[in-house]
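*Asks:* next come a sequence and a model predicted from it.
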Amino acid sequence: MPRKKVPVLPAAPARSACVIGAGLGGLALALRLQAQGFAVTLVEAQPSAGGLIRRREAAGYTFEEGPGDLGELTPWHDLAAAAGCELADLATLREITPACRYYWRDAAAFDLSADPAEQARQLGRIAPHDITGYEDLQAWYAAARADVWSRLAEAPLSGPAQAFAALPAVLRNHGWRSAWGLVSHFVENEQLREALALPTLLSGANPFGASALTLLGQLAPGQAAWWPSGGMSALVDALLARFKAIGGTVRLHDRVVQLELIGNRISAVVTQSGWREHFSAVASNADVVHTYRDLLRHSPRGTKMSKSLARRRYAPSALVVHFALTGTWPGVPHRAVLFAARFKELFGDIFGLGVLPQDGLILLHHPSVTDPSLAPAGTSLFRAVLPVAHLGKLPVDWEALAPLIAKRVLSEIGRRLIPDIHDRIVAQAVTTPRDLALDLGAHLGGGWSLEATPLQAAFQRPPHRDPGLANFYLVGAATHPGAGVAAVLAGAKAAAKLINREQ
């Protein structure tokens, strides 16, 4: 009987890697691997890098999507150093002052400030009895970041053993509390609690369900917020240029359509243009469901993981209204939050019930107040983000609803901040959950992939290396430690360590 012929794995260049998706996580991973001696090819389906950080043109204006600031600078300095340069070589930073302003419907307002004297004044105005508690919360951030962040967020978790080893640090830093529970432990004023717990939403997390440690990926109270001149997309362009400068290869506007396997290894990456190449390691920054369901559709591992991922809980999405106005508005800060009449119930609508609330919370960005170069003289750029349930919970006709909801959002901003807003609009564009699903392949049109819950944290998220595939890795919001700028950068650092060790 003839012996069965065993497939021979094609020879891949030694220490070569393909990173699929040039979102922030993929770009950071590609930079680190290239600097570590890998020959890296970065493949992106869109015409430009950045993923969720992207530009939109409307009526001659350039609007930007994605994070509204850099947040904590340490991960950015670390990434720049790994790429052999300084953060100052990549971007000119402007401080955002105040770091954020919170508006309530009763006309109360509160600024987060990096200036201790100004912060004390703000606290003394709305919650004087919480000044000590606020300072204790600041101390918690500093201690927890030093004790937990590098131990968990920047380390690749291959299983429960590593997570359990970090359990004492998690417990002593209140990781068993919810974000809302932790903030409430330190401060009593209800409005101050809302302001300090809200940042979990920027990780796609519910402050009433996510661990307090989710807060560590966001700007800490008392820290300065920063904006790169030209916008976040300008920083992405600089990172991409640095990647090319140190020898990296980039393929833009060429969607990966298949990952070929031989045995338990990815043997080739195939793109829509017909390009096909072999690598010793392959990492995906693409949506995790798309990665397994579509790119690995011919493999048993892809089928198994697709079914498993379909049973997971996913973070919500957002409707984004971009608009330009005549006039300048120095009294409207770079970052602001317009709270609705409800808080806890609103998160129940978005994360649980999946209904479209009438009193939505609005995250308002006004980047041209910090960086006037973003708008023509005499005009201002804004972006209003309305968190909504993902398409799985809220399967509505977004094409029909979006203009109506956008008008309602603008009217609310007009009522509270800019009275004649509708008369001043010179350009407008809207992005919906449907757009995120179609343009970026985001599962259910979500903005943050898997929801951050206690049962979907640490090793319970898809690991950086797929346990069934010897040379396949994940980076981005779906894997450990989760979504949000700092978390995604930490995850890229962890993945780079793992790939460098294993390949």
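*Replies:* Thanks, I have it. Numbers count the residues shown, from 1 in each chain.

*Asks:* show me what the helix-or-strand element of the chain with minimal mean pLDDT is packed up against.
*Replies:* For the chain, using mean pLDDT, DSSP states H and E, the weakest element among its helices and strands is helix 160-165, scoring a mean of 74. Using 3 or more CB pairs under 8 Å, 6 or more residues apart in numbering; DSSP states H and E as the contact test, no helix or strand touches helix 160-165. To be clear about C-beta, it is placed using only N, CA and C from the backbone, and glycine gets the same treatment.

*Asks:* and the pLDDT for R3?
*Replies:* Note on R3: pLDDT of 49.

*Asks:* cool, and P10?
*Replies:* Predicted confidence (pLDDT) for P10: 59.

*Asks:* now the helix or strand just after the least confident helix or strand of the chain, how far from the centre of its chain.
*Replies:* Downstream of helix 160-165, the first helix or strand assigned by DSSP states H and E is helix 167-172. Counting by CA atoms, centre = their mean, to the nearest Å, helix 167-172 is centred 25 Å from the centre of its parent chain.

*Asks:* now swap in stretch 156-167 and tell me
*Replies:* So, by CA atoms, centre = their mean, the centroid of stretch 156-167 is 23 Å from its chain's centroid.

*Asks:* quick check: end-to-end length of that stretch?
*Replies:* By CA to CA, to the nearest Å, the extent of stretch 156-167 from end to end equals 15 Å.

*Asks:* so that it lines up with my notes, have the first residue be 621 from now on.
*Replies:* Noted, 621 is the first residue going forward, which turns the last one into stretch 776-787.

*Asks:* quick revisit: in the least confident helix or strand of the chain, which residues are buried?
*Replies:* Neighbour counts over helix 780-785 (16 or more other CB atoms under 10 Å) mark Q782, A783 as buried.

*Asks:* number of nearby residues for the residue nearest to G1065 when sequence neighbours are not counted?
*Replies:* With CB to CB, 6 or more residues apart in numbering as the criterion, G1065 has its nearest non-adjacent residue at 3.1 Å, and that residue is P1053. When neighbours are counted by other CB atoms under 10 Å, P1053 registers 27.

*Asks:* do E810 as well
*Replies:* Neighbours of E810 (other CB under 10 Å): 12.

*Asks:* from D756, how far off is it?
*Replies:* Note on E810: its distance to D756, by CB to CB, to the nearest Å, is 18 Å.

*Asks:* same check, this time on A659
*Replies:* 49 Å.

*Asks:* with A648 instead?
*Replies:* 33 Å.

*Asks:* who's more crowded, these two?
*Replies:* Neighbour count, other CB under 10 Å: between A648 and D756, A648 has more, with 30 against 13.

*Asks:* now for V803: which residues touch it?
*Replies:* L757, R813, L816, A817, P827 (CB atoms under 8 Å, 6 or more residues apart in numbering).

*Asks:* the same query, at a cut-off of 7 Å, please.
*Replies:* Counting by CB atoms under 7 Å, 6 or more residues apart in numbering, V803 touches L757, R813, L816, A817.

*Asks:* for P841, see how far away the residue nearest to P633 when sequence neighbours are not counted is.
*Replies:* If the residues on either side of it in the chain are set aside, P633 comes closest to A659, at 5.9 Å by CB to CB, 6+ apart. From A659 over to P841 the distance is 43 Å, taken as CB to CB.

*Asks:* let me know whether W846 touches A711 as I believe.
*Replies:* No - W846 is beyond contact range of A711, at 8.8 Å (criterion: CB atoms under 7 Å).

*Asks:* quick check: T1051 touching F683?
*Replies:* No - in this structure T1051 lies outside contact range of F683 using CB under 7 Å: 9.0 Å.

*Asks:* please enumerate the helices of the stretch 671-820 of the chain.
*Replies:* Listed in chain order, the helices of the stretch 671-820 of the chain (DSSP state H, counting those that start in this stretch) span residues 694-702, 707-710, 736-746, 751-764, 780-785, 787-792, 799-806, 810-817.

*Asks:* for the ones you listed, which one sits closest to H986?
*Replies:* H986 lies closest, by CB to CB, to one member of the helices of the stretch 671-820 of the chain: helix 810-817, at 18.1 Å.

*Asks:* which regions of the stretch 1021-1123 of the chain lie under the pLDDT threshold?
*Replies:* Within the stretch 1021-1123 of the chain, no stretch has pLDDT under 70.

*Asks:* pLDDT at the nearest residue to H749 once chain neighbours are set aside, what is it?
*Replies:* Nearest residue to H749 in three dimensions, chain neighbours excluded: E808, at 6.7 Å (CB to CB, 6+ apart). Per-residue confidence at E808 stands at 97 (pLDDT).

*Asks:* do you know how far E808 is from L732?
*Replies:* For E808 relative to L732 (CB to CB), the value is 18 Å.

*Asks:* neighbour count winner among these two?
*Replies:* The neighbour comparison of E808 against L732 (other CB under 10 Å) goes to L732, with 24 against 12.

*Asks:* contacting residues around the more buried one?
*Replies:* Contacts of L732 (CB under 7 Å, 6+ apart): P718, A719, C720, P841.

*Asks:* neighbours of the last one, how many?
*Replies:* Around P841 sit 25 other residues, with neighbours defined as other CB under 10 Å.

*Asks:* do the same with the first one
*Replies:* Look at P718: counted by other CB under 10 Å, it has 22 neighbours.

*Asks:* for it, which non-adjacent residue is closest in space?
*Replies:* Using CB to CB, 6+ apart, the nearest residue to P718 is D731, at 3.8 Å.

*Asks:* that neighbour contacts A740, doesn't it?
*Replies:* No - look at D731 against A740 with CB under 7 Å: they stay out of range, at 11.6 Å.

*Asks:* ok, these two, which is more surrounded?
*Replies:* D731 (20 against 15).

*Asks:* for the more buried one, name its beta-bridge partners.
*Replies:* R721 (DSSP bridges).

*Asks:* check contacts around V807.
*Replies:* A747, D750, G753, Y754, L757, R813, L816.

*Asks:* now for the residues you listed, which pair is the farthest apart?
*Replies:* Farthest-apart pair in the contacts of V807 is A747 and L757; separation 12.1 Å (CB to CB).

*Asks:* returning to that earlier point: and of the contacts of L732, the nearest to R674?
*Replies:* Closest to R674, out of all of these and judged by CB to CB, is C720, at 23.0 Å.
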